[in-house]
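**Q** here is my input, please return the structure:
(chains A and B)
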Amino acid sequence: MPGLQDERGQRELPQAHSQDGARQADSPDTGDRQVRESADGLGRRLERLPHGHPSSPYHDDGTRKPPLVRLKNLELPLPGEEREPNGGTSRDLAVSRAVRPRADDHAGAVEAYAEHETDPEPAAQDWQSAFRQPDLAPPDRTPERREHADQLPTDRPHANRPHADRPSRDSEPPDSAPADSEPTGRQPTGRQPAIWEPADREHETAVGDPEPAADRAADLPADRAADLDDDEPATQDQPAIIDEPAPAPAEQPQAKQAERLTPEQVRIAVRAHGQCRLAEGRSVFGSYGESGLTPAMRRIEEQLDHGELVPKTERYALKSLDRFQEKLAKLIDRFPGTDPQDLAEGIHDVVRYTFIFDVAEYVDGITQSSAWLEEYGYDLIEMKPSWDSDEYKGTNSSWRDSSGRILFEVQWHTPQSWDAKQKTHDAYEKIDRTTTPIEEVEQLRDYQRAVCATVPVPPGALDIRGYKKER
Amino acid sequence: MAEETRYYAIVRDGQKTEDASGLARRIYTPQGRLDQAIRRNLTWERDSAIYEWERGEELGFSLVEISEAEAERLIERFREKWTEQG
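**A** A predicted model of the protein is given here:
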């Protein structure tokens, strides 16, 4: 009751409240002053409670409890709503359709990646052909027409997926957390090779004993707990959300990239980012519970034979709103006729994770962690191995969470490819900037190639097949 | 030396080329590769789509190389579509 306590110090000591006084306060003819005094008296009575009493403003040890947070202040504003000075939201019923929460919000997102649970037999065509890149050769080389994207195989390993005992998506509540459908054992059930896996590999399924899931906030290892508080400069492509003090939705539209977007597009971005933030799992207090993608990734990590999530995973799990808006603005420029809402929902790396495996375990590590991701109810949307790229080494993938609404990214690296990614990050950023002179772009790309040339290719990595879920 | 230009339809989510959501081109200049994409006002502006695709890290879209004539048809389709959209 911070408000009551604050007021208490600014008032004269109230008369001792008798029961009659309490009744007086309830009587219809009492004024505001009496109501305030009654509330003030309540605050004083709470002050007198024994320390540690549930209603006492003090802990057992006499320290004051933190101020209570009003639930209305935790609400994300709906599109068209504005945050009131008191932290609540006011609803603007005249919001445009484009930013109004649509009845088909979910359906729209799902439609963008429509599922085919009853996929036909996997086609024999290797998806890797789809990842042939535009020709890097100078113009005097014979131009080579690229294969069309719609020629890619439409197969999906869903028929092979070990989900027989998992509730169907349709039966899940829209906001169900992945934890709701998580497996209890450490071994993915009925593990079958996924379509993207090298066809000639044996796929390990042997894993260790289960460990009970624990409250992440309480049980985070010291190094991970330190991650939450670590304020070292970011080395990935955005500052961590921890650097942004529990972003208040009302403040988010003020982000610096907002000027590139229309107000309506900013609202779309804020809403999409807010949904991702909720899905990621960090509470407004900065801790994690059982639900959310990040706790799930940590549980998957614990169940792997080898490998781990990169350091500071919690710190970098959520792309900042600034970077999200920047990316949305770029996509709006690039795809002028596409609904910004679709573009925002299609940004797959607002929430992202990176697993690192030693070279020898790299391919098996992808196999095992992917199996766990599917076991947890996540749906593979795209798998893109880039070990044949000369400017980037690694395997990137996008997944849809079990609610069907949120895309997230998982990258797999070796220590060397991860190091190369860090080393070339600034170059990547600069190349991506359209203001960088093209001569400098060429130099930066040469630098990226030189760095990536030092990265050993894990055995079998070139055989990893790309995959893209048919729309 | 004449500059060569290559065109790429940018397709999202398994779209067909004729339904592409964007159009990019690469001009080989003496200074280096100049990458551009068509904007809503039908002008070409710098864009990193081709580079992102070549690098391989980005997901969510694909490039399909097309001829200049196909690119012109695509631009015309964009003109009609975007005019309708206002």
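
**Q** touching chain B at all, stretch A:436-447?
**A** Yes - on the criterion Cβ under 8 Å from any Cβ of the partner chain, stretch A:436-447 is in touch with chain B at A:437-439, A:441-442, A:445. Bear in mind the C-beta positions are built from the backbone N, C-alpha and C, glycine included.

**Q** avg pLDDT for the helix or strand encompassing B:E76?
**A** Here B:E76, judged by DSSP states H and E, is contained in helix B:68-85. The pLDDT scores in helix B:68-85 average 91.

**Q** same thing with stretch A:456-471?
**A** On average, stretch A:456-471 scores 92.

**Q** quick one on the thing from earlier: just the buried residues of the helix holding B:E76, please?
**A** Neighbour counts over helix B:68-85 (16 or more other Cβ atoms under 10 Å in any protein chain shown) mark B:70-71, B:74, B:78 as buried.

**Q** ok, and which of those residues reach chain A?
**A** Contacts with chain A within those, as defined by Cβ under 8 Å from any Cβ: B:F78.

**Q** nearest to chain A, of the buried residues of helix B:68-85?
**A** Nearest to chain A, judged by Cβ to the nearest Cβ, of the buried residues of helix B:68-85 is B:F78 at 6.7 Å.

**Q** ok, the closest one - contacts?
**A** By Cβ atoms under 8 Å, 6 or more residues apart in numbering or on different chains, B:F78 lies in contact with A:336-337, B:23, B:38, B:42.

**Q** which of the residues of stretch A:436-447 next to chain B tops the neighbour count?
**A** Counting neighbours by other Cβ atoms under 10 Å in any protein chain shown, the top entry in those is A:V441, with 24 neighbours.

**Q** does it lie in a helix or a strand, and which?
**A** Under the assignment here (DSSP H and E), A:V441 is part of helix A:438-452.

**Q** sheet partners, orientation included, of the helix or strand following that helix?
**A** Using DSSP H and E, the helix or strand that follows helix A:438-452 in sequence is strand A:467-468. Using DSSP bridges, strand A:467-468 pairs in its sheet with strand A:379-385 (antiparallel).

**Q** can you pull the contacts of A:A269?
**A** A:A269 neighbours (Cβ under 8 Å, 6+ apart): A:261, A:321, A:324-325, A:328, A:344.

**Q** how much space between it and A:E345?
**A** Per Cβ to Cβ, to the nearest Å, A:A269 is found 11 Å from A:E345.

**Q** now do A:D388
**A** Separation of A:D388 from A:E345 (Cβ to Cβ): 30 Å.

**Q** thinking again about what came up before, chain center to the helix holding B:E76: distance?
**A** Going by Cα atoms, centre = their mean, to the nearest Å, the spacing between the C-alpha centre of helix B:68-85 and its chain's C-alpha centre is 12 Å.

**Q** which of the residues of stretch A:436-447 next to chain B lies closest to A:S370?
**A** Using Cβ to Cβ, A:R445 is the member of those that lies nearest A:S370, at 30.5 Å.

**Q** how near is that closest one to B:R33?
**A** Distance of A:R445 to B:R33, computed by Cβ to Cβ: 9 Å.
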